[in-house]
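Enquirer: Take this sequence and fold it.
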Amino acid sequence: MSAQPSSIYIGKKPLLNYVLAAMINFNSGVDTVILKARGNMIGKAVDVARMVIERMLNTVKIEDIKIDSEFIEQEGGGKRRVSTIEITLKHELA
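Expert: Numbers count the residues shown, from 1 in each chain. Model (predicted):
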């Protein structure tokens, strides 16, 4: 298995695109996938993690969850705080 983790940034694409991307990574030999999302996409990242675990027949486990917030620049100036999440999934062979 690969020691290099793969990152998937969750955005506005359909949910199954991200599930498929994670599953392809695991099936190609990557043992750790990190799902990253911020703002309104945090819920989608949680859904992706749950679907990957279910579809991989529970050979994937949640290894770590990190929550944070960061400031992003607004168009009119100023900064806005946005919540972020990183969900680390680990493929465990039976």
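Enquirer: Would you mind checking the average pLDDT for stretch 63-73?
Expert: Stretch 63-73 carries an average pLDDT of 96.
Enquirer: how distant is it from the center of its chain?
Expert: 12 Å (C-alpha atoms, centre = their mean, to the nearest Å).
Enquirer: go on, stretch 72-91?
Expert: 13 Å.
Enquirer: ok, now stretch 61-68?
Expert: Centroid separation for stretch 61-68 versus its chain: 9 Å, with C-alpha atoms, centre = their mean.
Enquirer: Then stretch 32-51?
Expert: The answer for stretch 32-51 is 4 Å, by C-alpha atoms, centre = their mean.
Enquirer: I8 is in what secondary structure piece?
Expert: Here I8, judged by DSSP states H and E, is contained in strand 6-9.
Enquirer: Regarding the residue in the chain sticking out farthest from the centre, what is its secondary structure?
Expert: No residue in the chain sits farther from the centre than G76, which is 30.3 Å out by C-alpha atoms, centre = their mean. With DSSP: H, G, I helix; E, B strand; the rest coil as the basis, G76 sits in coil.
Enquirer: and it, backbone torsions?
Expert: Per-residue torsions, G76: phi -80, psi 10 (degrees, to the nearest 10).
Enquirer: Name whatever forms a beta bridge with the spatially most central residue of the chain.
Expert: Nearest to the mean C-alpha position of the chain, by C-alpha atoms, centre = their mean, lies L35 at 1.2 Å. Note on L35: beta-bridge partners by DSSP bridges are I8, I87.
Enquirer: and the gap between it and V82?
Expert: Between L35 and V82 the distance, using C-beta to C-beta, to the nearest Å, works out to 16 Å. For glycine as for every other residue, the C-beta is placed from the backbone atoms N, C-alpha and C.
Enquirer: excluding its backbone neighbours, what's nearest R38?
Expert: If the residues on either side of it in the chain are set aside, R38 comes closest to T84, at 4.3 Å by C-beta to C-beta, 6 or more residues apart in numbering.
Enquirer: do the same with S7
Expert: I34 (4.7 Å).
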